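>>> Test case, fold it:
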Amino acid sequence: MSTSLILLAILMWAVTYPTRAVGLLMPAFDRLPRIVFDYLQLVGPAVLTALALTGVMIRESPDGQSTFYVGIEWVAVLVCLVVTAWRKNLLFGLLTSVGLVIVARATGLAALP
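Model (predicted):
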């Protein structure tokens with residue numbers, strides 16, 4: 001693992017923390033304009049999506065090169081999106097996706113990366 005990933009994680013935290021902390025630090029959070037409230041509600045899912053997609057789409061080869069990757073994880077992300085939109089429950093969508101990957105790998109339909 002490269003230390004540049006740790007620096008990237010710290011940078012991502014520094015950039016996204018202020019918008020995530022507004023609800024805790026602002027006493028009149030419920031009086032914000034509706035468009036601001038909607039934006040702040042979407043910050044968490046947007047960050048989660050960015051992290052998930054980079055973990056799903058990019059793999060590091062043994063020689064250190066990053067390569068584009070297609071596997072069961074793509075299906076799991078799509079299942080998570082569909083289940084979350086259908087049930088309006090992110091936890092249920094995530095659990096469904098994790099279960100899908102576990103079953104696919106246990107049955108040999110998908111190999112470990």
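
>>> how about stretch 8-28: buried residues?
For stretch 8-28, the neighbour count (16 or more other C-beta atoms under 10 Å) marks no residue as buried. All C-beta spots, glycine's among them, are computed from the backbone N, C-alpha and C.

>>> For the protein, give me the ranges with low pLDDT.
The model of the chain has pLDDT under 70 over residues 1-2, 22-24, 26, 29, 113.

>>> And the strands in it?
Secondary structure of the chain (DSSP state E): strands located at 58-60, 66-68.

>>> Out of these, which one sits most buried?
Comparing the strands of the chain by mean neighbour count (mean count of other C-beta atoms under 10 Å), strand 58-60 ranks first with a mean of 13.

>>> Show me what that strand is in contact with.
With contact meaning C-beta atoms under 8 Å, 6 or more residues apart in numbering, strand 58-60 is reached by 66, 67, 68, 69, 113.

>>> Considering these, which is situated nearest to residue 56?
Closest to residue 56 out of the contacts of strand 58-60 is residue 69 (7.5 Å), distances taken as C-beta to C-beta.
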